[in-house]
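Okay, predicted coordinates and the sequence, questions at the end:
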Amino acid sequence: KSPYSLTVGGGVGFGPRFPGSKKTQFGVGPLLDFQHESGFFASTRRGLGWGGGDEDFSFSLALAARGERSDKARKVLGFGGGGSELTGMGKVPASALGVFSVGGRVANLVELGATLELPLSHRENGRALHLSVGVPLLQTKEDTVTLSGALHVGDGKYLRTYFGVT
């Protein structure tokens, strides 16, 4: 058995131009994920970090990045990073993050997850918490189709920075 795994792929997405936007968009994105049996990983999705667990519970600690946002419309890899609706809110600089995640499977039916984002630079951008739930709809030996939902919350600094909420 190999001590590492490497996943290369791509994905498509459809959603708001930025959190809170009424405009939607379609885009594509790359996936590169390296995982060593020691727990070390380097990933376009998870950042650079270490994690562990088994099929019923997982955890990870990582360094990652939160991208910048502009008050002018622009696209990167097909996804928008701002819009004229944000005029006056100013540019939000990119920030380095400490990312802490835990996840688990309950009764072999429901997958739960929580991820905490703590800014290491530009702390004025605030902290965010992501909670998720997923239910497998179709499972074969090779593939799984899952229906999932997520709740995304932030502290006051995060809400002011990204949504203008005071």
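Great, that's in hand. Numbers count the residues shown, from 1 in each chain.

show me what contacts the residue most central in space within the chain?
Centroid check for the chain by CA atoms, centre = their mean gives residue 45 as the closest residue, at 6.7 Å. Shown in contact with residue 45 (CB atoms under 8 Å, 6 or more residues apart in numbering): 31, 33. For the C-beta atoms, the positions are set from N, CA and C on the backbone; glycine is no exception.

same thing but at 10 Å, please
7, 9, 11, 29-33, 64 (CB atoms under 10 Å, 6 or more residues apart in numbering).

What of residue 151?
With CB under 10 Å, 6+ apart, residue 151 has these contacts: 114, 129-133.

What segments of the chain are strands?
For the chain, the strands defined by DSSP state E cover 4-16, 24-36, 40-43, 47-53, 57-66, 75-76, 79-80, 95-106, 110-119, 128-139, 144-154.

picking up where we left off before, output the contacts of residue 151 as TSV; include the columns neighbour count and distance to residue 15.
Listed next are the contacts of residue 151 as TSV, based on neighbours: other CB atoms under 10 Å; distance: CB to CB, whole Å:
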residue	neighbour count	distance to residue 15
114	14	21
129	15	19
130	16	15
131	13	18
132	16	15
133	14	18
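
Can you tell me which of the strands of the chain has the worst average pLDDT?
Of all these, the minimum mean pLDDT falls on strand 79-80 (a mean of 52).

Does residue 103 touch residue 112 like I think?
Yes - Residue 103 is within contact range of residue 112, at 6.5 Å (criterion: CB atoms under 10 Å).

quick one: common contacting residues for those two?
Joint contacts of residue 103 and residue 112 (CB under 10 Å, 6+ apart) are 132, 134.

Let me know how buried residue 125 is, in neighbour terms.
Residue 125 is flanked by 23 other residues according to other CB atoms under 10 Å.

Go through the strands of the chain and name the closest to residue 164.
strand 144-154 (12.5 Å; CB to CB).
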